[in-house]
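Chemist: output the structure for:
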Amino acid sequence: MTPSKVDGAGEAMCPHRLVLEHVTSRWAVLVLSTLLNRPYRFGELRREVNGVGGRAVSEKMLAQTLQTLERDGLVHRDAKPVIPPRVDYWLTDLGREAAEQVRALALWADRRMDDVQRARATYDETRAAHDKARDEPPAAPGAVRDRPSAAPGTTRAARDEARSAASAVRAS
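Modeler: This next block holds a predicted model:
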């Protein structure tokens, strides 16, 4: 997520896509949602993001995410010249607006997760049945087929072979 030459080329082609990628990236969603609550120091923010669950964000990845969000004008970084160094992060007005949108999407996903899981299960069952039917060996010449010769997912060669077999059966 760091600004790079790749980002620079991408910005010229489609800056909207890049901003969406930045805002909806794995760690940016958590960072933006967390910063909606209050300003955080780097270490606090990392602990808070890691407390959400799943894999832990590395210091490097968090720093890159924050740098990208800062570059996009969504996060403000305030480094105080003290020992030890103190760096605070908070959302800009633009960042708050984006974070609220991201949080709304995250809440929607949370509310609708049961529906998504049901849809996935239905898809997986349908796909498995389709794959099983596709992977069945072609019927031997003269054999009665359980499914039409032009079943979805069959190859052209398999359909041609089935037609030839059916023609041979009819001719005999």
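
Chemist: how about residue 85, what does it touch?
Modeler: The neighbourhood of residue 85, defined by CB atoms under 8 Å, 6 or more residues apart in numbering, consists of residue 79. To be clear about C-beta, it is placed using only N, CA and C from the backbone, and glycine gets the same treatment.

Chemist: give me the pLDDT for it.
Modeler: Note on residue 85: pLDDT of 86.

Chemist: got it, and residue 42?
Modeler: At residue 42, the predicted lDDT confidence score is 94.

Chemist: can you tell me the closest non-neighbouring residue to residue 87?
Modeler: The shortest distance from residue 87 to any residue other than its chain neighbours is 4.7 Å, reached at residue 79 (CB to CB, 6 or more residues apart in numbering).

Chemist: identify the residues contacting the helix or strand hosting that neighbour?
Modeler: Using DSSP states H and E, the element containing residue 79 is strand 75-80. Outside strand 75-80, the residues within contact range by CB under 8 Å, 6+ apart are 31, 35, 66, 69-70, 85-92, 95.

Chemist: the helix or strand following it: partners in the sheet, and parallel or antiparallel?
Modeler: Next in sequence after strand 75-80, counting helices and strands by DSSP H and E, comes strand 86-91. Sheet neighbours of strand 86-91, with direction, are listed as strand 40-41 (antiparallel), strand 75-80 (antiparallel) (DSSP bridges).

Chemist: pLDDT weak spots in the protein?
Modeler: For the chain, residues meeting the criterion pLDDT under 70 lie at 1-13, 53-54, 138-172.
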